[in-house]
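Student: Structural data only, the sequence is not supplied:
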């Protein structure tokens, strides 16, 4: 099911593939649009995208643990090793994320954050972390990344960011967690790494140099 409306800036048709989306972008004028009740408000414009080596794009479909998903949005970051994408996906009818960083892929979901979290500068690599949903984690890295831009449907308002601090957590059984300090309280994401072929992606972007 989709929801159609029009861009308040240029009048182009806007289609929400994720009905609970708070934010989307106009594919014609590149406006960033935020939902306010039944109306859309223009809050900014998407940046020019740098060259992106990812074959994933909006509309790509795939499967994870027997559940189908569709890519409906994206947040792009840059860090010391290059860039990475957080693709917003509809997985089993719910919001989830496909992380795509230097040919490493992971699926995660946002976790409801009701706990008090330490500030980013109060943790150290290797430090044990809280048990989340029955899994014990430890800090694997503390990093910073530069927000580059957004496109498509997102489950929260996210635009006009700067440099964000984030913690990566690991576990003994291969799961991971990310704590994004760009918000207060921070966003928490729990997930696991996946093999590219296991995702059974269709509708991938084709470009020179990319081989499936």
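Tutor: Received, thanks. Only a predicted model underlies this, so the values are computations on that prediction, with no experimental measurement involved.

Student: okay, CA-based contacts and neighbour counts for the rest of this
Tutor: Fine.

Student: ok, residues contacting the lowest-mean-pLDDT helix or strand in the chain?
Tutor: Considering only helices and strands, the least confidently modelled element of the chain by mean pLDDT, DSSP states H and E is strand 128-132, at a mean of 83. Applying Cα atoms under 8 Å, 6 or more residues apart in numbering, the contact partners of strand 128-132 are 136, 137, 138, 139, 169.

Student: Quick check: of those residues, which lies closest to residue 14?
Tutor: Using Cα to Cα, residue 169 is the member of those that sits closest to residue 14, with 37.1 Å.

Student: ok, now how distant is the closest one from residue 126?
Tutor: Shown here: residue 169 relative to residue 126, a distance of 9 Å by Cα to Cα, to the nearest Å.

Student: how about low-confidence regions in the chain?
Tutor: Residue ranges of the chain with pLDDT under 70: 1, 208-212.

Student: Look at residue 43 and say how many residues are nearby.
Tutor: Residue crowding around residue 43 was assessed by other Cα atoms under 10 Å; the count is 12.

Student: in a strand, that's where it is, yeah?
Tutor: Yes: applying DSSP: H, G, I helix; E, B strand; the rest coil, one finds residue 43 inside a strand.

Student: contacting residues around it?
Tutor: Contacts here follow Cα under 8 Å, 6+ apart; on that basis residue 43 touches 31, 32, 33, 34.

Student: so residue 198, which of the three states?
Tutor: Applying three-state DSSP to residue 198 yields a three-state assignment of helix.

Student: picking that back up, sort out which of the contacts of residue 43 are in strands and list them.
Tutor: With strands taken from DSSP state E, the overlap with the contacts of residue 43 comprises 31, 32, 33, 34.

Student: Please produce a markdown table containing those, extended by neighbour count and distance to residue 152.
Tutor: Listed next are the ones in strands among the contacts of residue 43 as a markdown table, based on neighbours: other Cα atoms under 10 Å; distance: Cα to Cα, whole Å:
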| residue | neighbour count | distance to residue 152 |
| --- | --- | --- |
| 31 | 22 | 11 |
| 32 | 28 | 9 |
| 33 | 27 | 10 |
| 34 | 23 | 11 |
